[in-house]
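J.: what follows is a predicted protein model with its sequence.
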Amino acid sequence: MAVRVFYGQRNDAYVFRRFLMRRSGPMVSRRQLLGGVAGLTGAGVLGAGLTGCASSRGADNGVTFLNWEAVGGTPIADAIAAYERATGEAVTIQPAVFGSAYDVKVRTVLSGGVPPDVMRINDDFVRGFSEQGTLTDLSRYIERDGLETSEFATEPFEFARQPDGSLTAWVIGYQPRLIFYNVDLFEAEGVRRPPTTWSAQGWGMDDFVAAARALTIEGERYGGLIYLDTGYEQTFTTNHGHASGIFSEDGTRFTLADPLATEALQWAVDLTCRHHVQPPWSQLQQDNADSQMFAQGRLAMLYGTFDLVPYFRDTITDFTWDVAPPPADVHQRTEASVVVFAVAKSARNKNRAWELLKFLASEEGGTIFANAGAFIPIHNKAAELLVPDDRSPAHLDLFVEAADHLVATNQTRNALAARQLYRPALDAAYNCERSVADVLADIKEPVQAAMEG
C-alpha cells in the first residue's frame, strides 16, 4: 500500500524546525541534509525507545551513534527505535555537537580519539578521510551478507565509492533538487508550464529565462531564483554540457573555471544582473529568504531541495504549486544532497555498526523515512511509497524519478578548502561587480593549490 506522505505525528513546529535546519549544521557548503531537529528539547535529548548515555541493556555491548543534530523526535530516532525493537540491540546516542565543533570532533576522534561506532559525516570529507585510511571499507560486509545493492538508488549509493573500489561511507537517503513553481502565476500570465516528466523539450536554459521574464513584475515579484542553492553549480554546468562540473572526474583539477562551466554560472548570475528576474544577492542573505518569498507569492520559480516540500505543504494555502525538472541544454541532471554515515576504522563495534547501517538503508528502515517525508530513502522500494495525494505538489514522483537523473560533484582530497576560496569570491559576480569568468580566473590557482594541499 502506498504511503501518503507528510501526514502522521508531525506538527507544524516540527516541520518548521526541520526546515530551519536546511542550511545549518557543520557543513560549509549548502549541500546539507536533515537528520535531526535542533532546539526541540535541547541537544542530546533522545526520543522514545532510544537509550541515553547508559543503557539498561548494556551500552558497552551496544552501538554508539553520533549525528550532527539532535536525534530526538526525528525520523532517524523512529528508525533507530524500530531497529532496537527488532534486534534487541542497544543504541546509545551520543550528545549532539553543533556547527563547526562537529567537524572538529570528527577529526579528533578519527585521528586518535575514541570514535562512536556510527557517525554522520560531512560528504565533503569522505574522500579525504578515506585517503587517510581512517574509515572502514564496508564492501566486505556487503559481500559477506550477500547484500543486493541493486535495490538501492545507484548514484547516491555509489557516492562513497573510492577509486580503489572501497566503499568507505553509507548513504541512507538523498534529497534531489527540482524547480518549485507557482502554478497559478503561470496560468494567470499565460506562460507555458514546465514539463511534468523528466524532459528538456521546450525547457532549455533560455526557456527558463523567457518564462522568468514573463512572470516578473517589477517591484512585486521575481520570476525565478537559481543561484542561492549551491547545488546549482554542478547541476547547471552539467546541464549546459560541461563534462565534469566543479572538479575533474579524478578529483585533481578545479574545472569550474573552464569556459563552458563559467558560461553556466554566468547564465544564473545574468538572471539578476542582466535580466532582472532574480532577487539581488543582497536581498537573499537573511535565513530562508528564498522559501519565504516563494511561499508569499513573491517568487514564481525556485531551485531547491526535497526538504522544502513539507514546509510549503504546511505553509502555502492560497495558491497551487508544483515541481519540475531543472532546465537543460545538453544533459538533464540534478544534484542531490546525501544523508551519509561512516564507521571509523578504530570503532569498537564494527559488526554492530554495520547491522544498524544496513537496517537504516533497508526497505523497512526506508519506509519509516518515506512515511515521515524526511528524505528519499536509498532503498528503491521504500522510495516508491512516496506518492502524490490531493495536496501539492502534483508531481511529487519527479523526486523519486530523479534517482535516474542524478549528477554528483566529483570528490577531491580537499573540496572544503576549495569551496572556502571560490564561493566567497563569487560574491563579486553575484553582486554584479565582476563577471564569473574573471572571478574564477583569478581564484583558479589558489583553489588548485588548496585542493592539492
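T.: Here it is on my side, so go on.
J.: now do the helix or strand hosting residue 421: which elements does it pack against?
T.: Using DSSP states H and E, residue 421 sits within helix 415-425. On a contact count with 3 or more CB pairs under 8 Å, 6 or more residues apart in numbering; DSSP states H and E, helix 415-425 meets helix 436-452. Using the backbone N, CA and C atoms, a C-beta is placed for each residue, glycine as well.
J.: what helices and strands are in contact with the helix it packs on?
T.: helix 259-273, helix 415-425, helix 427-430.
J.: which one of those has the lowest average pLDDT?
T.: Among the helices and strands packed on helix 436-452, helix 415-425 carries the lowest mean pLDDT, a mean of 94.
J.: CA atoms only for it - export them in PDB, please.
T.: Output of helix 415-425 as PDB, limited to C-alpha atoms (Å, rounded to 0.1, in the frame of the first residue of the first chain):
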ATOM      1  CA  ALA A 415      36.800  20.000  -1.600                       C
ATOM      2  CA  LEU A 416      36.000  22.000   1.500                       C
ATOM      3  CA  ALA A 417      39.200  24.100   1.300                       C
ATOM      4  CA  ALA A 418      38.400  24.800  -2.400                       C
ATOM      5  CA  ARG A 419      34.900  25.900  -1.600                       C
ATOM      6  CA  GLN A 420      36.100  28.200   1.200                       C
ATOM      7  CA  LEU A 421      38.000  30.100  -1.500                       C
ATOM      8  CA  TYR A 422      35.900  30.100  -4.600                       C
ATOM      9  CA  ARG A 423      32.400  30.500  -3.100                       C
ATOM     10  CA  PRO A 424      33.100  33.800  -1.300                       C
ATOM     11  CA  ALA A 425      35.000  35.100  -4.300                       C
END
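J.: just the angle between that helix and helix 436-452, please?
T.: Angle of helix 415-425 versus helix 436-452, following axes from the mean of the first three to the mean of the last three CA atoms, to 10 degrees, is 160 degrees.
J.: tell me where the stretch 101-250 of the chain has helices.
T.: For the stretch 101-250 of the chain, helices defined by DSSP state H, counting those that start in this stretch occupy the ranges 126-131, 139-145, 154-157, 183-189, 205-215, 232-239.
J.: please work out which of those helices is packed deepest.
T.: Greatest average neighbour count among these goes to helix 232-239 (a mean of 27), per mean count of other CB atoms under 10 Å.
J.: can you list contacts of that helix?
T.: Residues from elsewhere that reach helix 232-239 (CB atoms under 8 Å, 6 or more residues apart in numbering): 177, 200, 205, 226, 245-246, 256, 260-261, 264-265, 267-268, 303, 326-335, 407-409.
J.: tell me who's in contact with the closest residue to residue 162 other than its chain neighbours.
T.: Among residues not flanking residue 162 along the chain, residue 130 sits closest, at 5.0 Å (CB to CB, 6 or more residues apart in numbering). Contacts for residue 130 (CB under 8 Å, 6+ apart) come out as 160, 162, 166, 168-169.
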